[in-house]
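Participant: With the input below, show me the fold.
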Amino acid sequence: MYKYTPVQKGGAASATVPNPPRGKRVVGILHTHGAYDPRYDSENFSPNDKNAAKAYNAPIYVATPNGTLKKYEPSTNTVSVLSTSMPKDPNAI
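Facilitator: This next block holds a predicted model:
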């Protein structure tokens, strides 16, 4: 059985991955870089994103402002593009 946590709004450059209930494990993490921000590389995983995936030994997914869905697999240290047709931020480059 799989469950998910309710959506939580993160900050401009951070979000918190809640710990799973006792006896359960994280099997994937999904988040967005929802709006283009010139201060950040919003189209790619941040080091914090990759560190969270490694800490939970689970893949992390990100939807980016230009409409790309990406997956980072910590066990192989690889990034793959799953889709390029997600909703876009009209201000994305």
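Participant: Would you list the phi and psi of the nearest residue to residue 30 once chain neighbours are set aside?
Facilitator: Setting aside the residues directly before and after it, residue 30 is nearest to residue 61 in space (Cβ to Cβ, 6 or more residues apart in numbering), at 4.5 Å. For glycine as for every other residue, the C-beta is placed from the backbone atoms N, C-alpha and C. Taking degrees, to the nearest 10, you get phi -120, psi 150 for the backbone angles of residue 61.
Participant: Might you report the residue contacts of residue 61?
Facilitator: Residue 61 makes contact with 28-31, 69-72, 82 under the criterion Cβ atoms under 8 Å, 6 or more residues apart in numbering.
Participant: could those residues go into CSV alongside secondary structure, distance to residue 14 and neighbour count?
Facilitator: Shown next, in CSV, are these (DSSP: H, G, I helix; E, B strand; the rest coil; distance: Cβ to Cβ, whole Å; neighbours: other Cβ atoms under 10 Å):
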residue, secondary structure, distance to residue 14, neighbour count
28, coil, 19, 13
29, strand, 14, 18
30, strand, 16, 13
31, strand, 10, 17
69, strand, 21, 17
70, strand, 19, 21
71, strand, 21, 17
72, strand, 17, 21
82, strand, 24, 11
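Participant: which of those residues lies closest to residue 49?
Facilitator: residue 72 (6.7 Å; Cβ to Cβ).
Participant: Helices of the chain, start to end?
Facilitator: Ranges of helices in the chain, per DSSP state H, are 47-56.
Participant: isn't residue 5 right next to residue 16, touching?
Facilitator: No - look at residue 5 against residue 16 with Cβ atoms under 8 Å: they stay out of range, at 10.1 Å.
Participant: Which pLDDT value does the model give residue 38?
Facilitator: pLDDT, residue 38: 88.
Participant: Tell me how far it lies from residue 59.
Facilitator: Noted for residue 38: a distance of 28 Å to residue 59, by Cβ to Cβ, to the nearest Å.
Participant: The two: who's more crowded?
Facilitator: Set residue 38 next to residue 59 and count neighbours by other Cβ atoms under 10 Å: residue 59 wins out with 19 against 8.
Participant: Lovely, talk soon.
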